[in-house]
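A.B. asks: Next input, structure requested:
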Amino acid sequence: MKIVVVGGTGLIGSQTIEFLRDAGHDAVAAAPSTGVDTLTGQGVDEALAGADVVVDVSNSPSFADDDVLRFFTTSTRTLLDAEARAGVRHHVALSIVGADRTPDSGYLRAKVAQEQLIRESVAGWSIVRATQFFEFAGRIADGATVDGRVRIPPVAFQPVASVDVARTVAEVAAGEPRGGVVELAGPERLRFDEFVRAALAARGDERDVVADPAAPYFGAVLAEGSLVPAGEHRRGAVTAGDFAAAQRPA
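C.D. replies: Here you go, the predicted model:
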């Protein structure tokens, strides 16, 4: 099958392409760097010509509320319209576990809006919701740092490795449209602040991590179950210990 991966040059997209090619598929990356712009539509029809499946793992360059909503709704409409013209039979999108349970977050509201557009499309579709990636621990800490201290809400947290996300996205893309959601989380349920503290320590980052129930995440104050699956879900193979060991300086 020809499978076009939008956002295929990024962390998840590049690994997804590797898994798909290893499985014998013709996997192609589509991104601004390859001449494909899903906001303007430039290069989209050409990229989707002959495609059987489109995988969207792209992300907004700006996380401001209006910008991120515009990105996900505009790019999704662009893709779905182009897929209808090209006869694409399966649209796969990567979303976030708990997005529909955190309405105070502009970013997560935008992901819910993206999911709704996909659900309303006429073509076959599948949505993969994943928890936060191990690889984003440093970025999360940077965004939560106030006066040199990292303030993280002490809620349940079940992070997952990007390789496990990419493997799942590739598997779903190679299968039949599900018309539903697959949820993926890491193998262990931790506490958000404890995970960030351990991840920073493994990197030699000496910032103090403070458990702060009022600390916002993507603009929202989190409830205990905001970031973890509420029911049946798949579990990745990479543990927090595995990831931390790989990050320790030689």
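
A.B. asks: Flag the shaky bits of the protein, pLDDT-wise.
C.D. replies: In the predicted model of the chain, residues 247-250 satisfy pLDDT under 70.

A.B. asks: Now do the helices in this structure.
C.D. replies: Ranges of helices in the chain, per DSSP state H, are 11-22, 44-48, 65-86, 106-119, 137-143, 162-174, 192-202, 240-247.

A.B. asks: now, of those helices, which is deepest in the fold?
C.D. replies: Of all the helices of the chain, helix 162-174 carries the top mean neighbour count, a mean of 22, counting by mean count of other Cβ atoms under 10 Å. Backbone N, C-alpha and C define where each C-beta goes, glycine included.

A.B. asks: list the helices and strands that one packs on?
C.D. replies: Contacts defined by 3 or more Cβ pairs under 8 Å, 6 or more residues apart in numbering; DSSP states H and E place helix 162-174 against helix 11-22, strand 53-56, strand 90-96, strand 124-130, strand 181-185.

A.B. asks: What are the contacting residues of that helix?
C.D. replies: Applying Cβ atoms under 8 Å, 6 or more residues apart in numbering, the external contacts of helix 162-174 come out as 1, 3, 11-13, 15-16, 18-20, 23, 25, 53, 55, 57, 90, 92, 94, 126, 128, 130, 133-135, 178, 182, 184, 186, 234, 236-238.

A.B. asks: Would you mind giving me the PyMOL syntax to select the buried ones in the residues you listed?
C.D. replies: To isolate the buried members of those in PyMOL, using 16 or more other Cβ atoms under 10 Å:
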select buried, resi 3+11+12+13+15+16+19+20+25+53+55+57+90+92+94+126+128+130+133+134+135+182+184+186+234+236+238
